[in-house]
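**Q** Structure for this input, please:
(4 chains)
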2 protein chains.
Amino acid sequence: MDKMKILVVDDELDICAILKFNLEKAGFEVSTAQSAEDALGKGINSYDLLLLDVMMEGMSGFDLAKMLKQKPQTKDIPIIFITAKDTADDAVNGLDLGADDYISKPFSIKEVISRVKAVLRRARSDSASGGIEIDDEKKSVKVDGKPVSLSRTEYDLLKLLVHNPGKVFSRSDLISAIWPANVIVTERTVDVSITRLRKKIGEYGEKIVSRHGFGYCFE
Amino acid sequence: MDKMKILVVDDELDICAILKFNLEKAGFEVSTAQSAEDALGKGINSYDLLLLDVMMEGMSGFDLAKMLKQKPQTKDIPIIFITAKDTADDAVNGLDLGADDYISKPFSIKEVISRVKAVLRRARSDSASGGIEIDDEKKSVKVDGKPVSLSRTEYDLLKLLVHNPGKVFSRSDLISAIWPANVIVTERTVDVSITRLRKKIGEYGEKIVSRHGFGYCFE
DNA sequence: CTGAGCTGTAACATTAATGTAACATTGTGG
DNA sequence: CCACAATGTTACATTAATGTTACAGCTCAG
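**A** Below you'll find the model as predicted:
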């Protein structure tokens, strides 16, 4: 496999240097930029992953991400936000913007590397052909290349599970993540939606696995 | 939980005093040393964390760290380096040496405390993994690298015990911590769950020890 | 208005987990 | 060493969790 290319965007030179050094040691190819504007000049669409500081002079990391998510060439590049603020708001904002993960300062290097790897693994499995393809723009799903028609609930379920392989979601996790806040549904409702989803995606239904006593996960 | 013991090593007495005062206020037990040699005389392996100045007379912080990382008794003690401001290279070197974090002068006390806590939190969950790894996101447990399948009750039990090594939980402690509030179970029920858990985690089952007349604890 | 698809609940089937009791073993205080 | 209490272990009946299907209410395009 080719070296994955990572672009680190942070206005603190120390942070850039540390990330660059350690990520390179972990086998990645790393460039750095000191501002969002600087990053734009570096041909972002040639990178496989962006590490993006939220708080920067000029254009913020959020602004940059928003811009990138609008262009077809760059919208699929995974983004990990780095934020100094430990506020849940930022995390929510970031994930809402389509960020793939979010790391708060101070971070440990080990943690960063493990998240980078996780995100890249995820991104690769997304584009992996022959499996499950989720086109978030068209809100359509293909299984082994063949389009399947999912309802809104099923689509959201599949997307959440597939984008977080291995992570176990309890029924109440799923309800609060997928069902509108103002509706009240039984936990068993989740089971039924899972059953319907499993049936529609054929053999891949078996990859949505139920962890007795915990919930569901995709593997 | 016991007080965490921290050793601050810095040749500037002012810095030592400030760190000692503030860390003690934050609930830690703090000793200080003015040099690496001094630190070696203080029984380093009894500490839970070292705060280590890089630039010191005689043996540098890096040298000390390198030495400690080579001895089995001390290699798992987390180290946070304190470096002068504009030497990102130092930080890089330090992280390369297996430091868990670095802090550059001048630092804010809040920052130091939050990093200390972060590192200790991380070290705690790591050290618990002396053969047992608990992945709370995946709700899965590995013993010596091999996944074992635990029921919900067994998982909760293991997690509670492992995260509080040495602490003795009475049966009623365990029941109120793990069993849903609305169910009523015999205290002997705990014994059975413990037995099942022990069997599943193999030789590590012996680390769940029963304290006759008191309850169970993990050591 | 109408019909097709979507949804949530309930009911029933199936499987995994659990609690209790009974008996075996170990530990403790005298 | 003995008696008694605490703990270990096992089997088995029961309970809880999950899978599945049917059905009724709902939405929404036409």
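
**Q** mind giving me the domain ranges of chain A?
**A** A:5-127, A:132-218 (automatic domain parsing).

**Q** Report how many residues lie close to the closest residue to DNA strand C within chain A.
**A** Minimum separation of chain A from DNA strand C (CB to the nearest atom of the strand) falls at A:Ser151, amounting to 2.8 Å. From N, CA and C alone the C-beta is placed, and that goes for glycine too. Residues lying near A:Ser151 (other CB atoms under 10 Å in any protein chain shown) number 12.

**Q** What of A:Gly61?
**A** Neighbourhood size, A:Gly61 [other CB under 10 Å]: 26.

**Q** thinking it is in contact with A:Leu50, fair?
**A** No: under the criterion of CB atoms under 8 Å, A:Gly61 makes no contact with A:Leu50, lying 9.0 Å away.

**Q** For the domains of chain A, give me JSON lines that also has mean pLDDT.
**A** Shown next, in JSON lines, are those (pLDDT from 0 to 100):
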{"stretch": "domain A:5-127", "mean pLDDT": "76"}
{"stretch": "domain A:132-218", "mean pLDDT": "92"}
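
**Q** What is the end-to-end distance of stretch A:32-46?
**A** Terminal residues of stretch A:32-46 lie 13 Å apart, using CA to CA, to the nearest Å.

**Q** Check whether that stretch comes near chain B.
**A** No: Stretch A:32-46 is not in contact with chain B by CB under 8 Å from any CB of the partner chain; minimum separation 11.5 Å.

**Q** May I see the buried residues of that stretch?
**A** For stretch A:32-46, the neighbour count (16 or more other CB atoms under 10 Å in any protein chain shown) marks A:Thr32, A:Ala33, A:Gln34, A:Ser35, A:Ala36, A:Ala39, A:Ile44 as buried.

**Q** Looking at those, which is nearest DNA strand D?
**A** When these are compared for distance to DNA strand D (CB to the nearest atom of the strand), A:Ile44 wins out at 37.1 Å.

**Q** ok, now which ones touch the closest one?
**A** A:Leu7, A:Leu50, A:Leu68, A:Thr74, A:Ile77 (CB atoms under 8 Å, 6 or more residues apart in numbering or on different chains).

**Q** Give me the three-state assignment for the first one.
**A** With DSSP: H, G, I helix; E, B strand; the rest coil as the basis, A:Leu7 sits in strand.

**Q** going on from the strand or helix carrying A:Lys110, what's the next piece of helix or strand?
**A** A:Lys110 is part of helix A:109-127 when elements are defined by DSSP states H and E. Later in the chain than helix A:109-127, the nearest helix or strand by DSSP H and E is strand A:132-135.

**Q** Give me the contact list for that next one.
**A** The contact list for strand A:132-135, computed with CB under 8 Å, 6+ apart, reads A:Asp126, A:Ser127, A:Val141, A:Lys142, A:Val143, A:Gly145, A:Leu158, A:Lys159, A:Val162, A:His163, A:Ile201, A:Tyr204.

**Q** tell me what the host helix or strand of the third one is packed against?
**A** So that's A:Val141. In this assignment (DSSP H and E), A:Val141 forms part of strand A:140-143. Packing partners of strand A:140-143 (3 or more CB pairs under 8 Å, 6 or more residues apart in numbering or on different chains; DSSP states H and E): strand A:132-135, strand A:146-148.

**Q** just the ones you listed: most buried one?
**A** Per residue and on average, the most neighbours among those fall to strand A:132-135, with a mean of 16 (mean count of other CB atoms under 10 Å in any protein chain shown).

**Q** Tell me how far A:Val209 lies from A:Lys142.
**A** 22 Å (CB to CB, to the nearest Å).

**Q** For these two, indicate the residue with more neighbours.
**A** A direct count of neighbours by other CB under 10 Å for A:Val209 and A:Lys142 places A:Lys142 higher, at 16 against 12.

**Q** so the closest residue to A:Val112 other than its chain neighbours bridges to which residues?
**A** Leaving aside its sequence neighbours, A:Val112 sits nearest to A:Ile103 (CB to CB, 6 or more residues apart in numbering or on different chains; 6.2 Å). Residues in a beta bridge with A:Ile103, per DSSP bridges, are A:Ile82.

**Q** tell me the contacts of A:Ile103?
**A** Contact analysis of A:Ile103 by CB under 8 Å, 6+ apart lists A:Ile80, A:Phe81, A:Ile82, A:Thr83, A:Glu111, A:Val112, A:Arg115.

**Q** which among the contacts of strand A:132-135 gets closest to chain B?
**A** Chain B has its nearest neighbour among the contacts of strand A:132-135 in A:His163, at 13.4 Å by CB to the nearest CB.

**Q** Next, count neighbours for A:Lys25.
**A** 14.

**Q** can you give me the strands in chain A?
**A** Here chain A has its strands, by DSSP state E, at A:5-9, A:29-33, A:49-53, A:79-83, A:101-104, A:132-135, A:140-143, A:146-148, A:208-211, A:215-218.

**Q** most neighbours per residue, which of these?
**A** Counting by mean count of other CB under 10 Å, the most buried of the strands of chain A turns out to be strand A:49-53, with a mean of 26.

**Q** thinking again about what came up before, list the residues that contact both of A:Gly61 and A:Leu50?
**A** Counting by CB under 8 Å, 6+ apart, the common neighbours of A:Gly61 and A:Leu50 are A:Val9.

**Q** Now do the phi/psi pair for the residue in chain A positioned nearest to chain B.
**A** Chain B sits closest to A:Gly213 of chain A, with a gap of 3.0 Å, by CB to the nearest CB. Backbone torsions for A:Gly213, taken as degrees, to the nearest 10, come to phi 90, psi -10.

**Q** who's in contact with it?
**A** Listed by CB under 8 Å, 6+ apart, the contact set of A:Gly213 reads B:Ser151, B:Arg152, B:Thr153, B:Tyr155.

**Q** so which of these is the most crowded?
**A** Neighbour tally across the contacts of A:Gly213 (other CB under 10 Å): the maximum, 22 neighbours, falls on B:Tyr155.
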